[in-house]
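Participant: need a 3D model of the sequence below.
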Amino acid sequence: MTQLIVLPHAELCPEGAVIEATAGTSICDSLLANHIEIEHACEKSCACTTCHVVIREGYKELDAAEELEEDMLDKAWGLEPTSRLSCQTLVKDTPLVIEIPKYTINLAKELKK
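Facilitator: Numbers count the residues shown, from 1 in each chain. Model (predicted):
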């Protein structure tokens, strides 16, 4: 099991969290399995940026993002050099420190009346 440290997020995880994740599982699935309800509007198909996270520690140990993920990340709010889509990023054996950005762009949700 790999330790994921989730920094505090006002709505999703106010106190922050330390969770255990299985190597080979996506960060998104690991968060959801531990009751951290990160948005994932495209059902984890790499078609939006709602599950955008910033990897504060452990980024260099992750597999590189594929071109489609990189293209989607260009549309994310608050993009940083260590940004990833949590649905596309697989946990390895290295512990990670993760920040969920304060805002997300969810056009499906924002356009509903």
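Participant: what count of nearby residues applies to I55?
Facilitator: The criterion is other C-beta atoms under 10 Å. On that basis, I55 has 21 neighbouring residues. C-beta: built from backbone N, CA, C; applies to glycine.
Participant: distance of it from E43?
Facilitator: If you measure I55 against E43 using C-beta to C-beta, to the nearest Å, the figure is 22 Å.
Participant: and stretch 18-28, what's buried?
Facilitator: In terms of neighbour count (16 or more other C-beta atoms under 10 Å), stretch 18-28 has its buried residues at 19, 21, 26-28.
Participant: just the ones in strands from the residues you listed, please.
Facilitator: Counted as lying in strands by DSSP state E, out of these, are 19, 21.
Participant: CSV for the buried residues of stretch 18-28, including pLDDT and distance to L62?
Facilitator: Shown next, in CSV, are the buried residues of stretch 18-28 (pLDDT from 0 to 100; distance: C-beta to C-beta, whole Å):
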residue, pLDDT, distance to L62
I19, 98, 17
A21, 98, 13
S26, 98, 11
I27, 98, 9
C28, 98, 14
